[in-house]
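Chemist: A structural model of the following input is requested.
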Amino acid sequence: MTSSPAPPPVPSGAPGIRQPLRRLRARGRDEAHRTASPLELFFDLCFVVAVAQAGIELVHSVAEGHAGQGILDYAMVFFALWWAWMNFTWFASAYDNDDVLYRVVTLVQIAGVLVLAAGVSRAFEEHEYLVVWLGYAIMRVAMSAQWLRAARAAEGPERTTALRYAGGVLTCQVGWLGLLFLPEGARPWWFLVMALLEMCVPPFAERGHTTSWHPRHIAERYGLFTIIVLGETIAAATIAVKSGIDENDALGELLPIAAGGLLIIFAAWWIYFAVPVHGHLRSNRQAFLWGYGHYLVLASAAAIGAGLEVVVEETAGKAHLSTLAASAAVTLPTALYLLTVWALHSRHFKRGITQQLVLPTTALLVICCTFLGHWAVFAAGVVCALSVVAGETLAAARPAVAAREGGPKTRTG
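Modeler: Next comes the predicted model:
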């Protein structure tokens, strides 16, 4: 994939005098030592605040016996968070010049996600999306301003791409007003239409010119956000287990849940980072499919933590649902996570049908664990841990084959 050549800006940590305002020019795709900036890490941490709020509300909905509506609300809110995060991430990979204006506009986007987080409870409980829409609007208008700034510094096809992005983002933001005025029954369908339109903006904008996103930087950014979401999942599950022990003194019943949940999350981390994926991101087609697919990766990772909280509440007798339903709140998002990670990049580094079947088989077995009653979470954790062992064993048995084929050593993920 080609892109218009442009010299990279001075890195944020470079010595010398840094101008407070600089032209927002494209960075080089082959730029060496490109890593996530402190601003990007701060951005991720603030976004996880909103992800945590969505997870809390999902727990309440499922525990009260309203799983269907809760999952729908969660999917809608999480899309807003994920899409705003993803748009910023790809823009920053191509244009981050770390000047004062860039930082200020990014901080405005962070303020937007905190506004959105403040409206999550009302969106779940009252189906009132005004605050969520306002927070999303703040983020998206700020994103459009960044694209307009990039357009001002560019010319030719690159300028056209930036203007298409800015126009597409603003047009879609107007469309999201439908969530405020349409009847409640029509909102899920309107959400689906608007989500599809949002996802059409990047392919439309980059016709004729590809932004100079950095494959290694993009892979690192997605990996870091996945780590943060998994960390939030551990934190939420830990608090739930502690609360269950303090309030019900049910240590014997909660320890298997805690152990199983920990094994699931450890395995989720291991599988995701088993192989470096940046070498697979060679074109917009591959990158868009990979990036869009992370909606399911991140949403399911966050949902695992919510599911663990539901299981704890059910064990403590505080949830209005069956043991089977509570177990499914963990096993189903775990299976979805495994299948999505396999589909997005693990399968590209597998050799042979046996290695290819490790994760799909694991996902199937995790679903079967749903029917094991109060031992479902522990059994699912053991299955996930065994899948890591199986993957590593198969990889170790075929190093010569991997070397001959010129690919990376095949691993679990």
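
Chemist: please identify the helix or strand for residue 161.
Modeler: helix 157-175 (DSSP states H and E).

Chemist: how far does that helix sit from its chain's centre?
Modeler: 23 Å (C-alpha atoms, centre = their mean, to the nearest Å).

Chemist: try stretch 330-350
Modeler: How far stretch 330-350 lies from its chain's middle: 13 Å, per C-alpha atoms, centre = their mean.

Chemist: average pLDDT across it?
Modeler: For stretch 330-350, the mean per-residue pLDDT is 87.

Chemist: begin at 25, not 1, for the rest of this chat.
Modeler: Okay, residue one is now 25; in that scheme the one you just asked about reads as stretch 354-374.

Chemist: tell me which residues of the top helix by length along the chain are tucked away?
Modeler: Determined from DSSP state H, the single longest helix within the chain is helix 239-272. Across helix 239-272, burial judged by 16 or more other C-beta atoms under 10 Å covers 239-250, 252-254, 256-258, 260-261, 264-265, 267-269. From N, CA and C alone the C-beta is placed, and that goes for glycine too.

Chemist: for stretch 88-95, same thing?
Modeler: Those would be 90, 91, 94, 95, for stretch 88-95 by 16+ other C-beta under 10 Å.

Chemist: where does pLDDT dip in the stretch 275-424 of the chain?
Modeler: Along the stretch 275-424 of the chain, segments meeting pLDDT under 70 span 302-304, 372, 374, 422-424.

Chemist: quick revisit: just the CA trace of the helix holding residue 185, in PDB.
Modeler: Provided in PDB are the C-alpha atoms of helix 181-199 (Å, rounded to 0.1, in the frame of the first residue of the first chain):
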ATOM      1  CA  PRO A 181      -5.600  13.800  -2.700                       C
ATOM      2  CA  GLU A 182      -4.400  14.000   0.900                       C
ATOM      3  CA  ARG A 183      -6.400  17.200   1.400                       C
ATOM      4  CA  THR A 184      -9.500  15.600  -0.200                       C
ATOM      5  CA  THR A 185      -9.200  12.600   2.200                       C
ATOM      6  CA  ALA A 186      -9.000  14.900   5.200                       C
ATOM      7  CA  LEU A 187     -12.100  16.900   4.100                       C
ATOM      8  CA  ARG A 188     -14.000  13.700   3.400                       C
ATOM      9  CA  TYR A 189     -13.300  12.600   6.900                       C
ATOM     10  CA  ALA A 190     -14.400  15.900   8.500                       C
ATOM     11  CA  GLY A 191     -17.600  16.000   6.400                       C
ATOM     12  CA  GLY A 192     -18.400  12.400   7.100                       C
ATOM     13  CA  VAL A 193     -18.000  12.700  10.800                       C
ATOM     14  CA  LEU A 194     -20.100  15.800  11.100                       C
ATOM     15  CA  THR A 195     -22.800  14.400   8.800                       C
ATOM     16  CA  CYS A 196     -23.100  11.200  10.900                       C
ATOM     17  CA  GLN A 197     -23.200  13.300  14.100                       C
ATOM     18  CA  VAL A 198     -26.300  15.000  12.800                       C
ATOM     19  CA  GLY A 199     -27.800  11.600  12.000                       C
END
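
Chemist: who's in contact with that helix?
Modeler: The contact list for helix 181-199 (C-beta atoms under 8 Å, 6 or more residues apart in numbering) reads 28, 50, 111, 160-161, 164-165, 167-168, 171-172, 174-175, 178, 217-218, 221-222, 224-226, 228-230, 232-233, 235.

Chemist: buried ones in it?
Modeler: 182, 184-194, 196-197.

Chemist: equivalent analysis for stretch 58-71, please.
Modeler: Of all the residues in stretch 58-71, those buried under the rule 16+ other C-beta under 10 Å are 58, 60, 61, 63, 64, 67, 68, 70, 71.

Chemist: and these as TSV, adding distance to residue 324?
Modeler: TSV is the format used below for these (distance: C-beta to C-beta, whole Å):
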residue	distance to residue 324
58	28
60	23
61	28
63	28
64	23
67	22
68	18
70	22
71	17
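
Chemist: show me which pair in those residues is furthest apart.
Modeler: 58 and 70 (22.3 Å; C-beta to C-beta).

Chemist: for the buried residues of helix 181-199, which one is nearest residue 147?
Modeler: Checking the buried residues of helix 181-199 one by one against residue 147 (C-beta to C-beta), the nearest turns out to be residue 197, at 17.1 Å.
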